[in-house]
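Visitor: model the following, please.
(one chain, ligands or ions: 1)
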Amino acid sequence: MNMAVEDARREDAQMGNSQIENVPTENTTTTQPCALCELTGGDNEIAEAVNAYVLENMGRVHLREMATQVCEQINKIPGKNMTPAQFEEHVRHHMRHQRVVLSMLLDDLLGVAGRARDACVVVDSETSAQHVDAKMLTAYLKTIDSINALYRSEALRERRE
Ligand SMILES: [Zn+2]
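Guide: Sure thing, here's the model as predicted:
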């Protein structure tokens with residue numbers, strides 16, 4: 001972020017200036033209707049095939065590859081358009097199927113675990129001595145526990161079969 005902008009924002013915050021809070025939140029979210037949500041439950045064969053593909057392959061195919069394939073199919077439907085970013089939003093925020101939610105949760109937890117693991121060992125910039133950050137280590141181990149709990153859950157066990 002531009003430092004000048006950051007400073008200005010900090011000043012605004014200190015002065016209780018509500019200018020930034022007044023910016024409508026709609027500016028940051030997509031207001032376009034979601035093509036997949038619109039089509040799901042109808043009798044569109046492509047949409048039904050896409051939904052089946054997503055549920056079948058969630059956690060087995062990378063989300064980005066899924067997005068490429070799904071958008072290619074959706075964009076064949078006259079009047080419908082979907083970008084990879086819209087597809088990811090659909091999967092992350094619109095779908096509530098247990099398999100999808102758990103898969104996204106696993107994704108997040110793996111990301112957190114990786115960052116916590118990297119932050120566990122702290123190197124002293126002057127002496128180059130290494131020491132373990134106890135708080136980070138605890139956070140890492142808790143994250144690993146959560147990941148293990150997810151794997152034990154019925155839905156993911158099914159997915160592996
Ligand atoms: Zn959607």
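Visitor: where does the prediction get shaky in this protein?
Guide: Applying pLDDT under 70 to the chain flags the ranges 1-31, 154-161.
Visitor: now the residue of the chain most remote from its centre: how far from the ion?
Guide: When each C-alpha in the chain is compared with the mean C-alpha position (Cα atoms, centre = their mean), T127 comes out farthest, at 38.4 Å. Distance of T127 to the ion, given as Cβ to the ion, to the nearest Å: 53 Å. (C-beta placed from N, C-alpha, C; glycine too.)
Visitor: would you map the helices across this protein?
Guide: Here the chain has its helices, by DSSP state H, at 3-14, 35-39, 45-57, 63-74, 84-89, 98-120, 134-152, 154-160.
Visitor: list the contacts of stretch 124-133.
Guide: With contacts defined as Cβ atoms under 8 Å, 6 or more residues apart in numbering, stretch 124-133 is touched by A119, C120, V121, V122, V123.
Visitor: using CSV, please lay out those residues together with distance to F87 and neighbour count.
Guide: Below are the contacts of stretch 124-133 laid out as CSV (distance: Cβ to Cβ, whole Å; neighbours: other Cβ atoms under 10 Å):
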residue, distance to F87, neighbour count
A119, 32, 14
C120, 35, 18
V121, 37, 12
V122, 39, 12
V123, 40, 10
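Visitor: that's all I had, so thanks and see you.
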